[in-house]
Every structure is written in C-alpha cells, then in structure tokens.
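Asker: next come a sequence and a model predicted from it.
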Amino acid sequence: MGFHPELFPDRIPGFKVFKAKFGSQAIEPTSNPIEFVLGALLGLTERVTLALAAKGGGNYAYRSLTSANAESLAAGKGIFANAPGGSWTLEQHLIHGSSPKSFLNNPWIATSSDINVARSFSSGNGLIRIDLSKISANSMQRGWMNLPGSSAGYHYSIWQQEVSIFGHIPQNAIKIIK
C-alpha cells in the first residue's frame with residue numbers, strides 16, 4: 001500500500017521525489033517547466049498530476065450526504081460506513097460501492113478531493129467538507145496510489161478523485177457546507 005517506488009523512480013523529468021513524515025513518500029514539481037513538459041511528453045505524469053491535484057486542494061475532502069449520513073450527523077455521531085465491520089477491500093469498494101451489496105459489505109466511506117465530484121452525487125441531503133488532518137492516516141486510502149493501473153478501482157478512484165475513509169468520520173472533522 002502507499003507509494004509505489006517503481007512508478008516514481010528517484011528522478012522523473014519535471015518532478016522530484018521526497019520523503020515526508022512517517023516514512024511516506026510524495027512528489028512535487030521542479031521549478032523547471034521544460035522538465036515538466038518533458039515528463040508529460042514521456043507519459044510519466046498521469047499519477048503525478050493526480051498526486052499534485054490531491055495535494056493542492058488543501059487537506060480537505062468532500063461528500064454529499066445520504067439520508068442516513070444526515071441523521072447520524074444531526075445526532076452528533078459523525079458519519080459511518082454502510083457496513084463498518086464489512087469485509088470489502090478498497091478495490092471492491094471502488095468497483096461496487098454503489099451496489100445494494102454495499103450495505104452488507106462495505107466498510108469504506110467515499111469522499112472526493114473535488115467538491116464538484118462530491119456535488120454530482122447529491123441526493124438533496126447536504127454537502128460536507130472533511131478536514132483530513134483529523135482523520136487517522138491509516139484510515140485513508142487513495143486507490144489510484146495503491147491499486148495497479150489495470151484495476152477498474154484504480155480508474156474509478158481517478159475519475160472520482162476519491163479519498164476512501166475506513167469505517168467512520170468523526171463529527172469534529174466535518175463542516176456542513178450546504
């Protein structure tokens with residue numbers, strides 16, 4: 001899980017790899033635009049661009065509320081996954097998360113780093129902003145960083161710019177936007 005060194009060698013044209021706190025790794029653009037363009041031309045920026053997008057939007061994710069989410073939030077309990085004790089993997093969540101089986105199996109909560117993607121899932125129950133700094137790093141996954149490029153879950157996570165949160169989002173991490 002996490003950073004895949006085979007995808008980001010020590011030197012990618014237009015980017016540099018650095019170690020962050022807790023041993024994780026990330027990337028950032030170099031100041032040389034020619035190197036950035038070279039990286040794009042060589043097809044090395046698909047995951048890099050997504051990493052930068054996730055990094056650039058602040059430390060927030062967004063979610064359109066379901067009626068169950070709205071009720072739980074109104075009761076001061078935060079938001080729970082459909083099946084907090086469920087057995088689905090991250091990949092199963094990304095591929096089947098909207099299916100009826102998710103109510104029995106899905107321990108993940110879908111959020112997006114893009115507010116417009118979150119709005120597109122609106123069912124009229126409200127929209128929230130989640131402060132990811134108040135969520136355990138071990139509880140968050142980004143499928144496009146962890147799954148192989150051949151996985152449908154990888155592609156769904158890109159399209160939705162998903163930050164999947166395991167089990168529960170505490171009340172103090174949530175701000176109601178609408």
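Answerer: Nice, I can see it.
Asker: domain boundaries for the chain, per the record?
Answerer: According to automatic domain parsing, the chain comprises the domains 11-56, 60-176.
Asker: okay, those domains in CSV with mean pLDDT and mean neighbour count next?
Answerer: For glycine as for every other residue, the C-beta is placed from the backbone atoms N, C-alpha and C. What follows is the domains of the chain, written out as CSV (pLDDT from 0 to 100; neighbours: other C-beta atoms under 10 Å):
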stretch, mean pLDDT, mean neighbour count
domain 11-56, 46, 14
domain 60-176, 92, 18
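Asker: and the helices in the protein?
Answerer: Ranges of helices in the chain, per DSSP state H, are 33-41, 46-56, 67-74, 90-96, 102-105, 115-120, 143-146, 152-160.
Asker: end-to-end on stretch 124-144?
Answerer: Here the two ends of stretch 124-144 are set 28 Å apart, with distance taken as C-alpha to C-alpha, to the nearest Å.
Asker: what's the answer for stretch 70-86, then?
Answerer: Taking C-alpha to C-alpha as the measure, stretch 70-86 stretches 21 Å from start to finish.
Asker: next one: stretch 95-113
Answerer: Counting by C-alpha to C-alpha, the length from the leading to the trailing residue of stretch 95-113 is 18 Å.
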